[in-house]
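**Q** When you get a sec, could you give me coordinates for this:
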Amino acid sequence: MIVDFKVITTEIQNYDHNHPLLSYKDGGRGGKFRYLEIEQYISNFEDIGYLIQDNIVMSKMAYDHFSYDVEKAWCNADVQQIIHEARKADKSINANSDPMFGNFEKMAWNS
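**A** A predicted model of the protein is given here:
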């Protein structure tokens, strides 16, 4: 499956945090995307967070390029649902225990 991140980005940026992203098929509220597509989208931010953590990418550079996208995605209710479900399955509690999408969370809080 090829995910068009541009379409997801546009959908997230053009609406408020309550705008549905997940389709009914994936337990969502009537959005256009499947669970896996949103998970792959936010995984990119998680990967960028690892690059920052390992000093491969400067945090200011990541902030300048991705802060708006990270903050808008983090605040979306369906994105939060995906993160909650991933952490529940992983038994992770918070960003200090290296939970699923913990680096994405750190980037969002630093935006």
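**Q** my guess is residue 20 meets residue 26, correct?
**A** No. Residue 20 lies out of contact with residue 26 (C-beta atoms under 8 Å); the separation is 10.8 Å. To be clear about C-beta, it is placed using only N, CA and C from the backbone, and glycine gets the same treatment.
**Q** Give the buried residues for the longest helix anywhere in the chain.
**A** Secondary structure assigned by DSSP state H gives helix 35-53 as the longest helix of the chain. Across helix 35-53, burial judged by 16 or more other C-beta atoms under 10 Å covers 35, 37-42, 44-46, 48-49, 52.
**Q** Let's have those in a markdown table, adding pLDDT and distance to residue 14.
**A** Shown next, in a markdown table, are those (pLDDT from 0 to 100; distance: C-beta to C-beta, whole Å):
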| residue | pLDDT | distance to residue 14 |
| --- | --- | --- |
| 35 | 94 | 21 |
| 37 | 96 | 17 |
| 38 | 96 | 16 |
| 39 | 96 | 21 |
| 40 | 95 | 20 |
| 41 | 97 | 15 |
| 42 | 97 | 17 |
| 44 | 96 | 19 |
| 45 | 97 | 18 |
| 46 | 96 | 23 |
| 48 | 96 | 22 |
| 49 | 95 | 25 |
| 52 | 95 | 27 |
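**Q** Nearest to residue 68, out of those residues: which one, please.
**A** residue 45 (11.8 Å; C-beta to C-beta).
**Q** contacting residues for the closest residue to residue 71 other than its chain neighbours?
**A** Closest residue to residue 71 apart from its sequence neighbours, by C-beta to C-beta, 6 or more residues apart in numbering: residue 111 at 4.3 Å. Going by C-beta atoms under 8 Å, 6 or more residues apart in numbering, residue 111 touches 63, 67, 68, 70, 71, 74.
**Q** do residue 80 as well
**A** Counting by C-beta under 8 Å, 6+ apart, residue 80 makes contact with residue 74.
**Q** Look up how far residue 111 lies from it.
**A** To residue 111, residue 80 is 15 Å away according to C-beta to C-beta, to the nearest Å.
**Q** okay, the angle between the helix or strand that the longest helix of the chain is followed by and helix 35-53?
**A** Remark: after helix 35-53, the chain's next helix or strand is helix 59-75, criterion DSSP states H and E. If you take axes from the mean of the first three to the mean of the last three C-alpha atoms, to 10 degrees, helix 59-75 sits at 150 degrees to helix 35-53.
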